[in-house]
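# Need a 3D model of the sequence below.
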Amino acid sequence: MPLTVQGVTAQILSCIDCYKNPVFPQEENDCKVALNRLIRAFGEANKQPAYISNEAITFQGKVVKEHVVPVKVMMNHLLSMDIKPKEITSFELVKSYLEKHVVISRITSEEDARLRENKLHDSMPNDWNQLDIWARYEKVGITLNNNL
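Numbers count the residues shown, from 1 in each chain. Presented below is the predicted three-dimensional model:
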């Protein structure tokens, strides 16, 4: 049976609650690992269209599948949110955030190297406004198209 957006969102809220209210100190790391996996699962359950860079369309080499906003960035944001896991408004807030930020792209290995060279492989630009999910690609000159 496939995962659902609602089910994954509920599990993410559980992880955030566990992280913020650990019974045992080692739970914090376990919650981060689980949250990382759940963010990825949200992308599978949400089935948003993937994007592909202009260069990757005709590229003959290795193409890299990645999140437009790095999972680490999304995870840290979710853990910093002031939410109450058992409230419906928190559920909707987390679900809405993930629907906007969990976006998959395919870029060339050279484009991936540009992100790494600019220290944007697992982070967003320092001047990121939290809204423009494409900011890291714009910073290194990567242009994406909807992968129809």
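
# alpha carbons only for contacts and neighbour counts from here, please
OK.

# who touches the residue positioned nearest the centre of the chain in this structure?
A centroid search over the chain (C-alpha atoms, centre = their mean) returns V71, at 3.8 Å, as the residue closest to the centre. Going by C-alpha atoms under 8 Å, 6 or more residues apart in numbering, V71 touches 36, 39-40, 122.

# do the same with E27
Counted by C-alpha under 8 Å, 6+ apart, E27 has contacts 18-19.

# For V69, grab the count of nearby residues.
Residues within reach of V69, counting by other C-alpha atoms under 10 Å, total 26.

# That one is in what secondary structure piece?
For V69, there is no helix or strand it lies in under DSSP states H and E.

# And it, how close does it get to L131?
10 Å (C-alpha to C-alpha, to the nearest Å).

# Next: K32.
23 Å.

# Likewise for E92?
From E92 across to L131, the span is 17 Å (C-alpha to C-alpha).

# Looking at the two, which is more packed in?
Neighbour count, other C-alpha under 10 Å: between E92 and L131, E92 has more, with 13 against 9.

# What backbone torsions are found at the more buried one?
Backbone torsions of E92, given as degrees, to the nearest 10, read phi -70, psi -40.

# and it, what does it touch?
Listed by C-alpha under 8 Å, 6+ apart, E92 has no contact partners.

# when you give positions from now on, start the count at 181
Happy to do that; since the first residue is 181 now, the last one works out to E272.

# Which residues are in contact with the residue lying closest to K242 once chain neighbours are set aside?
The spatial neighbour of K242 that comes closest, neighbours along the chain excluded (C-alpha to C-alpha, 6 or more residues apart in numbering), is S289 at 5.7 Å. S289 is in contact with 241-244, counting by C-alpha under 8 Å, 6+ apart.

# let's go with 10 Å and repeat that
Contact analysis of S289 by C-alpha atoms under 10 Å, 6 or more residues apart in numbering lists 236, 239, 241-245, 295.

# Tell me which of those fall in helices.
Counting by DSSP state H, those place 236, 295 in helices.

# Mark which of the contacts of S289 are buried, thanks.
Among the contacts of S289, those buried by neighbour count (16 or more other C-alpha atoms under 10 Å) are 236, 243-245, 295.

# Going by distance to T184, which of these wins?
Nearest to T184 among the buried ones among the contacts of S289: K245, at 21.8 Å, using C-alpha to C-alpha.
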